[in-house]
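> Just need the structure, nothing else, for what follows:
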Amino acid sequence: MKSTCRQAIPAKVSADKAYQNAIKNSDRQNARIEHNKALERVVVDLLTDHMELFKQFSENPSFKKWLRDSNFNITYQPEAR
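Purely as a prediction, here's the structure:
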């Protein structure tokens, strides 16, 4: 995955209003659920420019898990909100 894409995904996920709301008002488990939804929205938005990313996300379960886990760990910072 290209470096610019790796940097853009956490920023876009962190900017997702539903995810921000979940971090502020929900527990970690519900924030994780909303994170996964936000990540899927971001990946679909990036589809046109990053077809390989979408293919890996859609077809490679270990890549999808890695991307979910790493982005959640980067973006879930309830004390910062």
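> Now for residue 41: which residues touch it?
Contacts for residue 41 (C-beta atoms under 8 Å, 6 or more residues apart in numbering) come out as residue 16. Where you see a C-beta, it was placed from the backbone N, CA and C, and this is true even at glycine.
> I'd like to check which residues are in contact with residue 63.
With C-beta under 8 Å, 6+ apart, residue 63 has these contacts: 56, 57.
> That one: what secondary structure?
Here residue 63 is helix, with the state taken from DSSP: H, G, I helix; E, B strand; the rest coil.
> Quick check, pLDDT for it.
The per-residue pLDDT reported for residue 63 equals 95.
> Can you give me the distance of it to residue 34?
21 Å (C-beta to C-beta, to the nearest Å).
> One more: residue 68?
Taken as C-beta to C-beta, the span from residue 68 to residue 34 is 12 Å.
> same question, residue 46
Distance, residue 46 to residue 34, using C-beta to C-beta: 19 Å.
> now residue 52
Distance from residue 52 to residue 34, by C-beta to C-beta: 26 Å.
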